[in-house]
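Student: quick check, what structure comes out for this input:
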Amino acid sequence: NTVVRESSGINAEYGGDFMSRFCSNLDIGHKAQTVATAVARQAVDLDIVAGKVPVTVAAAAIYFTCLAMDIDKSAKDIGDVAGVAETTIKQTFRAMYPSRDKLFPSDFVPKVNLDNIAAK
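Tutor: All right, here's what the predicted structure looks like:
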């Protein structure tokens, strides 16, 4: 039960001002925010990011979404806004990447082939 409660708390945080503030400060738009929020939630639900703090998961989800949507934001750009080290974002992205087919919403059409993206 403890794990479920922690997971629910993390999910609630992704839906609130937390993700919204980062995306707004990065000027990446509502669609990207919606996708990044879904990616973060799925990563938590699938237990891909166990042990990572919510801010790190959010930053990595934004980074992954920007890569998928071909939005020009580096891990450093995102890290500066989120207060997360660039290397931590890339490390978390690498943990998420093998599950890429499960993380994005079913109706999401990436602008690039997800099998070919790599951390910038």
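Student: quick one: what helix or strand has residue 57 in it?
Tutor: Per DSSP states H and E, residue 57 falls inside helix 54-68.
Student: check which residues of that helix are buried.
Tutor: In terms of neighbour count (16 or more other Cβ atoms under 10 Å), helix 54-68 has its buried residues at 54-68. Where C-beta positions appear, they are placed from N, C-alpha and C, glycine not excepted.
Student: now do it: which elements does it pack against?
Tutor: Other elements packing on helix 54-68 under the criterion 3 or more Cβ pairs under 8 Å, 6 or more residues apart in numbering; DSSP states H and E are helix 2-15, helix 17-26, helix 30-45, helix 75-82, helix 86-96.
Student: quick one: low-confidence parts of this protein?
Tutor: Scanning the chain for pLDDT under 70 picks out 1-17, 118-120.
Student: can you rerun that using 50?
Tutor: For the chain, the stretches flagged by pLDDT under 50 are 1-12, 15.
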